[in-house]
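In: Sequence first, predicted coordinates after that:
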Amino acid sequence: MTKLSVNINKIATLRNARGGNNPDLLRLAGDIERFGAQGITVHPRPDERHIRRTDVYDLKKTVSTEFNIEGFPDKRFLELIKDIRPTQATLVPDPPDVLTSNAGWDTIKNQNFLVGIIKEIKSYGVRTSIFMAPDIKLIEYAKFTGTDRIELYTEAYAKGYKLNKELAIQPYILAAKKANELNVGLNAGHDLDLENLKYFKDHIPGLLEVSIGHALVCDALYFGLENTVQLYLRQLA
């Protein structure tokens, strides 16, 4: 079964909108795990507009499933990974002011940079994953970075699904086959939801994990959090 890691950034955004601790981020992370999710994902940003640095340290004490920290691998991020030692560090090429992740790594241009960063992170005993478009050539170069996994950036699939799902999935099938051939683990995330998730999972060989936040939190407003987590897990069964 493909694992579900729930990105709780949006829960932190809601809390920060009014100050205080409502909703309680730690309690909800624990509830999400109790409802069946196999991981918790956070993406702290320098302006702390959602997940705060202190949240990450607090979550380290309470998360009992896989803890995945996403971010651009600058000095602050690497210090956090060294301190927290999460299950996985997912590297994204975002500049500090970007609203949400919107591009994958160019593993050719950034080869030397990624090799050094990944070597450092793995020295802490942390699994690495790099955020990538479904580009076979770039995936081949991802292998040379030493990363344990790649995370396929699925926005293009999600947009294309509504128009022609068979066409939209094709680049991702080819990318997955290449990753499997190279013995690189495979994650996926961005704009996956209850409409398009099952089709993606059923057609992508070797899919280990999906990270879903915005859509899941929005669905929870309609269906309730426990029911929503269960609905997503059913799409991955």
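Out: Received, thanks.

In: Settle this for me: residue 126 is touching residue 78, isn't it.
Out: No. Counting by CB atoms under 8 Å, residue 126 does not reach residue 78; the two are 10.5 Å apart. Heads up, the C-betas are built off the backbone N, CA and C, glycines and all.

In: When the two are compared, which one has more neighbours?
Out: Between residue 126 and residue 78, counting by other CB atoms under 10 Å, residue 126 is the more crowded of the two (20 against 16).

In: element containing the nearest residue to that one once chain neighbours are set aside, please.
Out: Counting by CB to CB, 6 or more residues apart in numbering, residue 89 is the residue found nearest to residue 126 once chain neighbours are left out, at 5.2 Å. Residue 89 belongs to strand 88-91 when assigned by DSSP states H and E.

In: any idea which helix or strand comes after that strand?
Out: Next along the chain after strand 88-91, taking DSSP H and E as the criterion, comes helix 111-123.

In: Relative to the whole chain's centre, how far out is that next one?
Out: 19 Å (CA atoms, centre = their mean, to the nearest Å).

In: In the chain, what residue spans correspond to helices?
Out: Counting by DSSP state H, the chain has helices at residues 9-18, 25-34, 53-62, 75-84, 111-123, 136-145, 155-181, 197-203, 214-223, 225-236.

In: Put together a markdown table for those, with distance to residue 47 and mean pLDDT on each row.
Out: What follows is the helices of the chain, written out as a markdown table (distance: least, CB to CB, whole Å; pLDDT from 0 to 100):
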| stretch | distance to residue 47 | mean pLDDT |
| --- | --- | --- |
| helix 9-18 | 11 | 96 |
| helix 25-34 | 17 | 98 |
| helix 53-62 | 11 | 97 |
| helix 75-84 | 12 | 97 |
| helix 111-123 | 22 | 98 |
| helix 136-145 | 28 | 97 |
| helix 155-181 | 22 | 98 |
| helix 197-203 | 30 | 98 |
| helix 214-223 | 18 | 98 |
| helix 225-236 | 27 | 98 |
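
In: Tabulate those in a markdown table, adding columns for distance to residue 40.
Out: Converted to a markdown table, the helices of the chain look like this (distance: least, CB to CB, whole Å):
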| stretch | distance to residue 40 |
| --- | --- |
| helix 9-18 | 10 |
| helix 25-34 | 5 |
| helix 53-62 | 7 |
| helix 75-84 | 12 |
| helix 111-123 | 19 |
| helix 136-145 | 25 |
| helix 155-181 | 22 |
| helix 197-203 | 18 |
| helix 214-223 | 12 |
| helix 225-236 | 12 |
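
In: Among those helices, which comes closest to residue 191?
Out: helix 155-181 (3.5 Å; CB to CB).

In: relative orientation of the closest one and helix 214-223 in degrees?
Out: 120 degrees (axes from the mean of the first three to the mean of the last three CA atoms, to 10 degrees).

In: Can you check what angle separates helix 155-181 from helix 136-145?
Out: Using the same axes, to 10 degrees: helix 155-181 against helix 136-145 is 50 degrees.
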